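Turn this into a model:
(one chain, ligands or ions: 1)
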Amino acid sequence: MLWLHVFLLIGLGSAYKPLSDSFLRAIPSPGDEFAIDNNTGILAPLLIPRVPGTPGQAVAQRHLVDYFKRELPKWTITWQNSSQTTPTSNGKKLPFANLIIRREPPWVQPGQANFLTLVAHYDSKLTPDGFIGATDSAAPCAMIMWAAKVVDGYAQQMYDEMAALGEGGSVEMDMGIQILFLDGEEAFKTWTDTDSLYGSRSLSNFWVNSPNPPSQKFYKYKTPLSQISLFMLLDLLGSSSPSVPSYYTTTHWAYRAFSTVESRMRSLNLLESSNSMQFLPDLNKTMAYGGISDDHLPFILRGVETLHVIPQPFPRVWHTSDDDGAHLDMKVVKDWARIVAGFMLEWLDMMEVWNGDEPEAGGEGAKIMT
Ligand SMILES: [Zn+2]
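Below you'll find the predicted structure:
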């Protein structure tokens, strides 16, 4: 294959390369994967109450795990468990189970890969009775599940090619994908520092105390926390007309890249929601917002770089019984999933394995010459 020549000379990952138009067009439509009555789809099985320690939560956990086992068998699945009392548990300890799902290059040793980390919480709020939490955060979980499937084939291709060329092991290029489905984000009574973020507090604490093996030349990342190249937290997504500001100076460049993927997809007419509405409009970081408590906080306190994808204002349905499947804007749900998939592909430098572009005039000869 022709591009292998180019590969050998310039190596992988020399630059963060935007996806070509044809690559953006090749990101499929989620179709009816998110239909709220499609019980074999990705989203519908999550549209049930998922309170920690209840049967509904066990159903949600099974759906998440079964999906990866069935659709993405090369991804590793591990649990990080804790048990904690809550203000409504009468002294009883409730189980909290974070799900860690990873796809990493086959040659890496423990602690070697850096991870683009996609995060959403899968628990639902105890009140009001019967609360579903479609935007909070069933739909964000489903978007991540779908985007993982889009990325998986390209990741396989990249890992295969890199292994064949002996390119692996250069650290920067040992890029993997990590998904965190976190438990116990919601408060049981009133949001406080201790009544909220049960899962993320437990996981960040576990990881800061889990040093990676100091193995020879790859001892770059001291703990799993430092392996996170970007902690991309999706929350409260799926309502109409979302507007997500850029929250952090240190990841504004990533926000801009994410936003650019969106506007390019809009200009190519690849999105279903109105092109007059940009989900990620804050290119110059000028939007005003308040501080938001969410699963990123325990990680930010430990120095993890975060891209918080949560709209301002919150959806109208937030923490009400109306936050259910019927109130989702399905065009918006599908568009978020495609934009996230596009951003992931770009972050992971997948232009290196994209060969769906028309060759430029004279391009082949030029490439052979290099
Ligand atoms: Zn919530």
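
Centre-most residue in this structure?
Most central in the chain under Cα atoms, centre = their mean is Leu118, positioned 2.3 Å from the mean C-alpha point.

List the contacts of Trp146.
With contacts taken as Cβ atoms under 8 Å, 6 or more residues apart in numbering, Trp146 has the following neighbours: Pro30, Glu33, Phe34, Ile42, Ala337, Ala341. The C-beta positions use only the backbone N, C-alpha and C, and glycine is treated the same way.

Repeat the analysis, applying 6 Å as the threshold.
Trp146 sits next to Pro30, Glu33, Ile42, Ala337 when contact means Cβ atoms under 6 Å, 6 or more residues apart in numbering.

For burial, what's the neighbour tally of the residue nearest to Asp195 when sequence neighbours are not counted?
With Cβ to Cβ, 6 or more residues apart in numbering as the criterion, Asp195 has its nearest non-adjacent residue at 4.6 Å, and that residue is Ala187. Here the count is done by other Cβ atoms under 10 Å, and Ala187 has 21 residues near it.

Can you check the pLDDT for Ala187?
Among the per-residue scores, Ala187 holds a pLDDT of 97.

got it, and the one 5 residues further on?
Model confidence at Thr192, given as pLDDT, is 94.

burial measure for it, as a count.
Counted with other Cβ under 10 Å, Thr192 comes out at 10.

From Asp335, how far off is it?
Between Thr192 and Asp335 the distance is 35 Å, computed by Cβ to Cβ, to the nearest Å.

Shouldn't Met145 be within a helix?
Yes - Met145 sits within a helix when classified using DSSP: H, G, I helix; E, B strand; the rest coil.

check contacts around it.
Ile42, Tyr67.

Show me the helices in the protein, by range?
Secondary structure of the chain (DSSP state H): helices at 3-10, 21-26, 55-71, 139-165, 198-208, 252-267, 297-300, 330-347, 363-369.

Alpha carbons only: can I get stretch 340-355 in CSV?
Output for stretch 340-355, consisting of C-alpha atoms alone and laid out as CSV, is shown next (Å, rounded to 0.1, in the frame of the first residue of the first chain):
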residue,chain,number,x,y,z
VAL,A,340,-17.9,13.0,19.7
ALA,A,341,-16.9,10.2,17.3
GLY,A,342,-15.3,12.7,14.9
PHE,A,343,-13.3,14.4,17.7
MET,A,344,-12.1,11.0,19.0
LEU,A,345,-10.9,9.9,15.6
GLU,A,346,-9.0,13.2,15.2
TRP,A,347,-7.5,13.1,18.7
LEU,A,348,-6.3,9.5,18.0
ASP,A,349,-4.7,10.7,14.8
MET,A,350,-6.7,8.4,12.6
MET,A,351,-5.9,10.3,9.4
GLU,A,352,-2.8,8.1,9.5
VAL,A,353,-4.9,5.1,8.6
TRP,A,354,-7.6,6.8,6.5
ASN,A,355,-7.2,5.9,2.8
